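Q: One predicted model, sequence on top.
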Amino acid sequence: MSSIDEAGSNGQRDAHAAPDPARVLDLILQLQSAEEPPQLLDALVSATEAIGAAASLYSVAIPESESGPFSFSLFACHPAFAHRQQQIGPLPDHPWFRFARTHSSPGTDRTVEIEGSADREALALAQQYGFASCLIVPTPAGPDLQRVEMLCLGSRQHAAFEGEDARLVRALARALAAELHDWVTRHLSASLREVAQLQKIDITLLHLEWQGLGTKAISARTGLSPSAVDTRFQRLNQRLDCPNRKASARRAAEHGLLESRD
Amino acid sequence: MSERSPATLPPTTRPAAHLRHRSDRCQVRLVKVRSGVVAGRTTRHPTHTEWWTLFSSREQVETCSADDPLRFRDPLLFTQIKAQLDNVFDR
């Protein structure tokens, strides 16, 4: 069974364990073989332990115009943290997310700005579940995208990720975050493709729309008539639950669907 | 936790349970993995969230159950999830 940190664990993991780089890299390489989120979380738990952290969280937030942000999160920590965090507010409002939204390089809890009582409550809660100090690794989503993504590693020890001693952990964490990003992007794009029943031509249309082309240009590129392009987009908008083709293209791009055109 | 070589990890046990709230506002999926039982919860209102947590012991199940807002908001679903979690742990 996992030894990931738990609230009330009597401090058995008070010391920040030294990372095992070879094992971490092995586990990072194995991430891509995870079939679905449960297997990915299982692998993240192992990687978190091998890095020497007490807990971790990987989360993605995608702004969606109609329904507020969509978020996808893996909690490699005590499950009660996820439950209680949901009760105090949406994860995308967490100060860690605000840090990830405004930074491209990793930072620690000391660099997270606290803006009010809600922030203090969120950080106090995290502290109970293995995040007394933390390393936040933002993952760039790509140009023109509003998607925010981050890996947060936690330690029960204060200042565990500060200074030169933590350089190795920071490097491993960045590698882990990059692999998680790739996996989650594939997962989100496949899910959207399945839910909206998108075909190859649909993705081509969305890609061209995302490039800013109009009906005539798309018609010329695809060989479809202009009316067929418009009709196809109307159906696409319905299936993607978006008010117009621009929003559909954005939704597809935010979910990583336009990164590859296979 | 014992050392595990990635090359010799045992195969993952496949899906165990899917639960769906009658109004489709909440879906729960439970899957047994090497280090415990993973619970995935998808809610669509007020925001669309999908979150995955790992229960590595029955103690964690009890802790979360005591604190789960579903206990009062949707007792039937809560009871179903709890029963399925126990069931998956026993497999």
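A: Okay, I see it. Numbering: from 1, shown residues only, chains lettered A, B, ... in the order given.

Q: Once you drop chain neighbours, what's closest to B:Gln60?
A: A:Pro79 (5.6 Å; CB to CB, 6 or more residues apart in numbering or on different chains). C-beta coordinates here come from the backbone N, C-alpha and C atoms, glycine included.

Q: That neighbour touches B:Phe55, doesn't it?
A: Yes - using CB atoms under 8 Å, A:Pro79 is in contact with B:Phe55, at 5.5 Å.

Q: so what sits against both of the two?
A: B:39, B:64 (CB atoms under 8 Å, 6 or more residues apart in numbering or on different chains).

Q: mind listing the strands for the chain?
A: Since you didn't name a chain, this refers to chain A. Secondary structure of chain A (DSSP state E): strands at A:55-62, A:70-76, A:107-108, A:133-138, A:148-155.

Q: actually it's chain B I care about, not the one you picked
A: B:15-20, B:26-33, B:36-43, B:49-55.

Q: contacts for the worst-scoring helix or strand of chain A on mean pLDDT?
A: Across the helices and strands of chain A, mean pLDDT, DSSP states H and E gives its lowest value to helix A:79-88, namely a mean of 90. For helix A:79-88, contacts defined as CB under 8 Å, 6+ apart pick out A:7, A:55, A:73, A:75, A:91, A:94, A:118, A:121-122, A:125-126, A:128-130, B:39, B:49, B:51, B:53-55, B:60, B:63-64, B:67-69.

Q: Name the residues of it that are buried.
A: A:79-86 (16 or more other CB atoms under 10 Å in any protein chain shown).

Q: cool, stretch A:19-26 as well?
A: So for stretch A:19-26, counting by 16+ other CB under 10 Å, buried means A:19-20, A:23-26.

Q: How about the contacts made by the closest residue to A:Ala17 other than its chain neighbours?
A: Spatial nearest neighbour of A:Ala17, chain neighbours left out: A:Gly52 (3.7 Å); criterion: CB to CB, 6+ apart. Applying CB under 8 Å, 6+ apart to A:Gly52 gives the contacts A:16-20, A:155, A:169.

Q: of all the buried residues of helix A:79-88, which comes closest to B:Leu30?
A: A:Pro79 (11.9 Å; CB to CB).

Q: what comes up buried for stretch A:149-167?
A: A:149-156, A:160-161, A:166.

Q: Please read the previous query as pertaining to stretch A:209-227.
A: A:209-210, A:213, A:215, A:218-219, A:222, A:224.

Q: next one: stretch B:84-91
A: B:84-85, B:88-89.

Q: Which one of the strands of chain A lies nearest to A:Arg174?
A: strand A:133-138 (5.7 Å).

Q: Can you tell me what sits against the closest one?
A: Outside strand A:133-138, the residues touching it (CB under 8 Å, 6+ apart) are A:53, A:96, A:99-101, A:103-110, A:112, A:126, A:148-155, A:157-162, A:166, A:169-170, A:173-174, A:176-177.

Q: For it, what is the distance to the chain centroid?
A: In terms of CA atoms, centre = their mean, to the nearest Å, the centre of strand A:133-138 is found 13 Å from the chain centre.

Q: neighbouring strands for it, and are they parallel or not?
A: strand A:107-108 (antiparallel), strand A:148-155 (antiparallel) (DSSP bridges).

Q: biggest helix in chain B by residues?
A: Using DSSP state H to define each element, chain B has its longest helix at helix B:75-90.

Q: avg pLDDT for that one?
A: Regarding helix B:75-90, the rounded mean pLDDT is 82.

Q: Not counting sequence-adjacent ones, nearest residue to A:Ala34?
A: Nearest non-adjacent residue to A:Ala34 (CB to CB, 6+ apart): A:Leu40, at 4.0 Å.

Q: The one you found and A:Leu188, how far apart?
A: 12 Å (CB to CB, to the nearest Å).

Q: which one of the two has more residues nearby?
A: A:Leu40 (25 against 20; other CB atoms under 10 Å in any protein chain shown).

Q: these two touch, right, that one and A:Gln30?
A: No - in this structure A:Leu40 lies outside contact range of A:Gln30 using CB under 8 Å: 10.2 Å.

Q: how many neighbours does B:Thr49 have?
A: B:Thr49: 22 neighbours (other CB under 10 Å).

Q: Report the separation between it and B:Arg29.
A: 14 Å.

Q: And A:Pro95, by the same measure?
A: Where B:Arg29 is concerned, A:Pro95 sits at a distance of 29 Å (CB to CB).

Q: so which of the buried residues of helix A:79-88 comes closest to chain B?
A: Checking these against chain B with CB to the nearest CB, the nearest one is A:Pro79 at 3.7 Å.

Q: separation between that closest one and B:Phe78?
A: 15 Å.

Q: Let me see the contact set for A:Arg245.
A: A:Arg245 neighbours (CB under 8 Å, 6+ apart): A:209, A:233, A:236-237.

Q: Which ones among these also lie next to chain B?
A: Counting by CB under 8 Å from any CB of the partner chain, the subset of these that neighbours chain B is empty.
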